[in-house]
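Undergrad: From the sequence below, what's the structure:
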Amino acid sequence: MRPIHVTDLDAAVRALLINPEDDWPKLAQGLVHNTRAADRYRKRLRKVHSSFGNGSLSSGVSRMGKAPPQACDARYRRCLLELLMALK
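TA: Now for the predicted structure:
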């Protein structure tokens, strides 16, 4: 997986936020899995994966719907925690 930046985390959280909270752990794990696969694909074939992007989290969620930018409220922080756990 490519290096993770704050903007990657925000984009991924906003993509997860449009889903029910109970789905966040599974979706976050899938996102991380697909992002890692995309990075391996990029390194091996020297091109971007058509569905999962270039191996960065932001690229992995670029085709997904996203919640609008928002403050880091309790719901956002819970979602961020799920994403961080998936990255562990």
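
Undergrad: and the spatially most central residue of the chain, what does it touch?
TA: Centroid check for the chain by Cα atoms, centre = their mean gives Ala12 as the closest residue, at 3.6 Å. With contact set as Cβ atoms under 8 Å, 6 or more residues apart in numbering, Ala12 has these partners: 28, 31, 57-58, 60-61, 83. The way it works is simple: take the backbone N, C-alpha and C, and place the C-beta from them, glycine included.

Undergrad: Can you name the two of these that sit furthest apart?
TA: The largest distance within those, taken as Cβ to Cβ, falls between Ala28 and Ser58 and amounts to 14.5 Å.

Undergrad: who has more neighbours, the two?
TA: Higher neighbour count among Ala28 and Ser58: Ala28, with 24 against 19, using other Cβ atoms under 10 Å.

Undergrad: mind checking how far whichever strand or helix holds that one is from the chain centre?
TA: Taking DSSP states H and E as the criterion, Ala28 maps to helix 24-45. How far helix 24-45 lies from its chain's middle: 9 Å, per Cα atoms, centre = their mean, to the nearest Å.

Undergrad: So which bits of it are buried?
TA: The neighbour-count check on helix 24-45 (16 or more other Cβ atoms under 10 Å) flags 24, 27-28, 31-32, 34-39, 41-42 as buried.
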